[in-house]
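Student: Got a predicted structure here, sequence first:
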Amino acid sequence: MTAPGATIGIPQSQRHYGMDWLRIAAFGLLIVYHVAMVFAPWAWVIKTSHSYPQLIAPMALLTPWRLPLLFAVSGYASRKLFDRAGDAPAFAHSRAVRLLVPLAFGMAAVVPVEMWVRVLETGYPHGYLRFWAVDYWRAGSFYGREFPSWEHLWFVAYLAAYSLLLAGALAWRGPAVLAGLARIADWLTRGWRLLWVPVAALVTLRLGLLFVVPERQGLVSDWGGHSQYLPLFLFGFALAGAPQLWRAIARMWKAALGVTAVAGMVVVAIEVAFPGTAVPPHALMALDRAARVTMAWGMILALFHVAENWWNRDHPWRKPLAEAVFPFYIVHHPAIVLIAWYSLPLELDPFAEFALLLGGTIAICLAVWAVGRRIGWLRPLIGLRPVARRPRSATEAASIPGVP
């Protein structure tokens with residue numbers, strides 16, 4: 001398995017700038033979304049004293065597809081990384097370094113900030129240093145919070161698990177796996193299958209598990225989430241090696257957008273009728289989950305078309321923004337929580353509070369990225385590639401491709 005792209009007769013393609021821009025936009029939107037959650041009428045880590053029902057409709061239109069899109073884009077990037085790595089063990093090693101190292105660092109140095117605020121809300125009497133040195137490293141319930149926790153870094157844990165499972169399958173039966181994905185891609189391009197077959201399959205999986213397993217995050221408990229995220233991750237992986245799927249997407253993206261609009265209206269109507277923590281009847285809950293799945297798939301097809309046809313071009317800002325995405329993701333959640341903890345008692349105007357939260361979060365993220373990218377040992381901890389070692393001699397330099 002030294003030439004995975006050649007295994008199924010598809011040459012390795014150049015970098016897809018549109019998918020880079022889509023990933024940048026998706027993570028940027030995620031930061032705005034999490035800031036808005038402080039004010040929305042749904043439960044979240046930390047809340048303002050006033051909720052704003054006006055946020056229900058726009059946020060309900062974002063919720064169903066923002067995370068599925070990220071898993072699909074991550075699957076696409078994983079195929080490119082696999083092609084570049086050359087074989088499954090090298091791919092697994094690169095994914096472990098880029099995902100498990102930041103996950104461990106985040107749980108040790110970033111998540112504690114957020115967990116400290118969470119126990120402060122329920123009466124914890126000590127400062128951060130005492131919390132981090134003594135009380136954070138525990139298992140079980142503490143001041144009403146469960147420890148240990150990876151909080152928002154669950155996405156990294158899921159992505160690492162999917163990547164390593166895929167690497168195992170590729171190491172075991174790599175040519176068969178790639179050929180099977182290619183056959184599925186060919187089959188989906190016929191007629192309108194790419195639009196309705198994934199929706200039917202994902203809705204069936206979602207509803208089949210809806211009243212059987214709880215809807216909660218957890219690597220070994222979130223079967224409802226895995227039933228959606230893993231297939232979308234694999235679709236992105238297949239798409240990167242199957243250019244015929246792009247032609248199918250171009251043919252049906254308008255229909256996908258129409259389906260998305262109809263499903264979105266259903267989602268918003270149910271959210272407005274049952275706001276906050278209100279639980280709808282089982283039939284409406286099933287309809288809501290089916291509409292969310294449908295909306296997610298339609299938006300993925302439509303946004304992939306946008307990335308392919310309008311965003312697939314380079315720009316001087318693309319590379320630094322693409323590099324900054326992962327550090328921003330690691331840091332943004334605790335930054336929002338910490339700023340909110342100290343600013344909400346000031347009772348600022350909601351627009352001023354939103355601007356403070358968003359601006360302060362971006363400033364902290366920028367500072368972490370700007371400093372971290374210049375410190376060699378810190379780069380892998382915040383999700384950046386290690387700095388390439390400089391050759392020590394002209395002979396060594398001549399042996400490295402691309403070094404004159």
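Tutor: Thanks, I have it.
Student: Next, R130: secondary structure please.
Tutor: Using DSSP: H, G, I helix; E, B strand; the rest coil, the structure places R130 in helix.
Student: roughly how far apart are R216 and L202?
Tutor: Plainly put, R216 is 19 Å away from L202 if you go by Cβ to Cβ, to the nearest Å. Any C-beta I mention is one placed from the backbone N, CA and C, and that applies to glycine too.
Student: scratch that, R15
Tutor: Relative to L202, and taking Cβ to Cβ, R15 is found at 29 Å.
Student: same question, A302
Tutor: 16 Å.
Student: so which helix or strand takes in A261?
Tutor: Using DSSP states H and E, A261 sits within helix 244-273.
Student: Spell out the secondary structure type for M59.
Tutor: M59 - assigned by three-state DSSP - is helix.
Student: mind listing what the spatially most central residue of the chain touches?
Tutor: Centroid check for the chain by Cα atoms, centre = their mean gives L70 as the closest residue, at 4.1 Å. With contacts defined as Cβ atoms under 8 Å, 6 or more residues apart in numbering, the neighbours of L70 are 23, 26-27, 30, 155.
Student: and it, what element?
Tutor: Per DSSP H and E: helix 63-85 holds L70.
Student: okay, R15 and L202: which has more neighbours?
Tutor: Neighbour count, other Cβ atoms under 10 Å: between R15 and L202, L202 has more, with 21 against 12.
Student: mind checking how far that one is from V177?
Tutor: 21 Å.
Student: before we move on, the earlier item: mark which of the contacts of L70 are part of helices, please.
Tutor: Cross-referencing the contacts of L70 against helices under DSSP state H gives 23, 26-27, 30, 155.
Student: Now distance to L234 and neighbour count too, for the residues you listed, in TSV please.
Tutor: Below are the ones in helices among the contacts of L70 laid out as TSV (distance: Cβ to Cβ, whole Å; neighbours: other Cβ atoms under 10 Å):
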residue	distance to L234	neighbour count
R23	17	21
A26	18	19
F27	21	20
L30	22	22
F155	17	19
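Student: which of these lies closest to E308?
Tutor: R23 (13.8 Å; Cβ to Cβ).
Student: Look up the closest residue to that closest one, ignoring the ones flanking it.
Tutor: Nearest residue to R23, sequence neighbours excluded (Cβ to Cβ, 6 or more residues apart in numbering): V73, at 5.0 Å.
Student: same question, I362
Tutor: Nearest to I362 is I31, by Cβ to Cβ, 6+ apart, at 7.4 Å.
Student: List the residues that contact the one you found.
Tutor: So I31 contacts 328, 332, 336, 358, 361-362, 365 (Cβ under 8 Å, 6+ apart).
Student: Filter those down to the ones in helices?
Tutor: 328, 332, 336, 358, 361-362, 365.
Student: Let me have the residues you listed in CSV, extended by pLDDT.
Tutor: Compiled in CSV, these are given as follows (pLDDT from 0 to 100):
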residue, pLDDT
F328, 98
H332, 98
I336, 98
L358, 98
T361, 98
I362, 98
C365, 98
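Student: so which of the residues you listed comes closest to R183?
Tutor: F328 (38.0 Å).
Student: Confirm that A182 sits in a helix.
Tutor: Yes: the assignment for A182 by three-state DSSP puts it in a helix.
Student: Helices along the stretch 251-400 of the chain, start to end?
Tutor: 282-309, 318-343, 350-372, 394-398 (DSSP state H, counting those that start in this stretch).
Student: among these, which is nearest L103?
Tutor: helix 318-343 (9.0 Å).
Student: What residues sit buried inside that closest one?
Tutor: 318, 321-341, 343 (16 or more other Cβ atoms under 10 Å).
Student: what about stretch 66-74, distance to the chain center?
Tutor: 5 Å (Cα atoms, centre = their mean, to the nearest Å).
Student: Show the average pLDDT along that stretch.
Tutor: Mean per-residue pLDDT for stretch 66-74: 97.
Student: same check, this time on stretch 261-281
Tutor: Rounded mean pLDDT across stretch 261-281 is 93.
Student: Just the buried positions in it, please.
Tutor: Residues of stretch 261-281 classed as buried: 263-264, 266-271 (neighbour count, 16+ other Cβ under 10 Å).
Student: do stretch 42-59 as well
Tutor: So, applying 16+ other Cβ under 10 Å, buried residues of stretch 42-59: 42, 45-48, 51, 56, 59.
Student: between the residues you listed, which is nearest G123?
Tutor: Looking across the buried residues of stretch 42-59 and measuring by Cβ to Cβ, the closest to G123 is I46, at 15.0 Å.
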